[in-house]
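Peer 1: Sequence first, then the predicted structure:
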Amino acid sequence: MSRKDALKERMTYKLSPSDFAFLYEGCKRCFYLKVVHGIRQPSVPLPSIFSKIAGLLYSHFSEKRTEALHPRLPPGIVKWGEKRVESRIIERPGHHATCVIRGRFDVVVEFDDNTYGIIDFKTGNPNEQYHALYSRQLNAYAYALEHPGINSLDLSPISHLGLLYFYPSKLSQEKVGWLSYDAEAHWIPMKKDEDEFLAFVDEVLSYLESPTPPDPSPGCNWCNYLTELRAKGIM
């Protein structure tokens, strides 16, 4: 059997960078059920204001110099926003299953030194508690851009990753019926580490290759809800 035919017989999981943060960390069982069986947690709609603000930010900064975003950013131009990415198939030693990374980033900057940076917009105050989770997500986008699938966006090398937080600091009113927010910007650089990211992929594949889902996480509201229903004989 050729290597190409062997790959066809393998299970190739489609992994979303956004799931590497709160879904994976929150409940490995729910992550497994979504990826392996296509069973998603009941959706809780996010307030549309966040997607609206992200769209406005990209529209405002598109094709602008990085000096307009934050003084700590290297010199460059905001070139791409809200673009979909897909990696080539990732094969890892010791794993039968493979995976691809599919997702959509917020913004990519082309720096003057011909490298690229991925920026994720956040509305709120910086919270160090979540930075490791966001780092996984940004490193996943970086991997997909540097190791793209066929006909996918190909940008390399990625030299910078980071979060750009916007938090309202004051309110102004120039006329009746019209309010404006002034927001303070905070740049939080993230470490780019492909080896660390691939070690994380190893961990993910180890869960996905199991014939049964992991145990529920104690803090998962959805799993606890189902457990309580079963305990009361409702289902």
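Peer 2: Yep, it's here.
Peer 1: what's the closest non-adjacent residue to Gly55?
Peer 2: Spatially, and ignoring its direct neighbours in sequence, Gly55 is nearest to Glu82 (7.7 Å; C-beta to C-beta, 6 or more residues apart in numbering). Bear in mind the C-beta positions are built from the backbone N, C-alpha and C, glycine included.
Peer 1: how much space between that neighbour and Ser62?
Peer 2: When distance is defined by C-beta to C-beta, to the nearest Å, Glu82 is 10 Å away from Ser62.
Peer 1: Do I have it right that His70 meets Glu184?
Peer 2: No. Using C-beta atoms under 8 Å, His70 makes no contact with Glu184, being 10.5 Å away.
Peer 1: more neighbours, these two?
Peer 2: It is His70, of His70 and Glu184, that has more neighbours when counted by other C-beta atoms under 10 Å, with 14 against 11.
Peer 1: quick revisit: measure the residue nearest to Gly55 to Pro74 for me?
Peer 2: Distance of Glu82 to Pro74, given as C-beta to C-beta: 22 Å.
Peer 1: May I see the buried residues of the helix or strand containing Ser180?
Peer 2: Ser180 is part of strand 178-190, with elements assigned from DSSP states H and E. For strand 178-190, the neighbour count (16 or more other C-beta atoms under 10 Å) marks His186, Trp187, Ile188, Met190 as buried.
Peer 1: for stretch 148-166, same thing?
Peer 2: Neighbour-count burial for stretch 148-166 [16+ other C-beta under 10 Å]: 148-149, 152, 155, 158-166.
Peer 1: ok, now stretch 213-231?
Peer 2: For stretch 213-231, the neighbour count (16+ other C-beta under 10 Å) marks Pro213, Pro216, Ser217, Cys220, Trp222, Cys223 as buried.
Peer 1: Can you measure across it, start residue to end residue?
Peer 2: For stretch 213-231, the first and last residues are 20 Å from each other (C-alpha to C-alpha, to the nearest Å).
Peer 1: lowest average confidence, helix or strand, in the protein?
Peer 2: Every helix and strand in the chain was compared by mean pLDDT, DSSP states H and E; the lowest is helix 3-9, with a mean of 51.
Peer 1: picking up where we left off before, need the contact list for the residue nearest to Gly55.
Peer 2: Glu82 is in contact with Ala54, Gly55, Tyr58, Arg104, Phe105, Asp106, counting by C-beta atoms under 8 Å, 6 or more residues apart in numbering.
Peer 1: So in terms of bridging, what pairs with the fourth one?
Peer 2: The residues paired with Arg104 through beta bridges, assigned by DSSP bridges, are Arg84.
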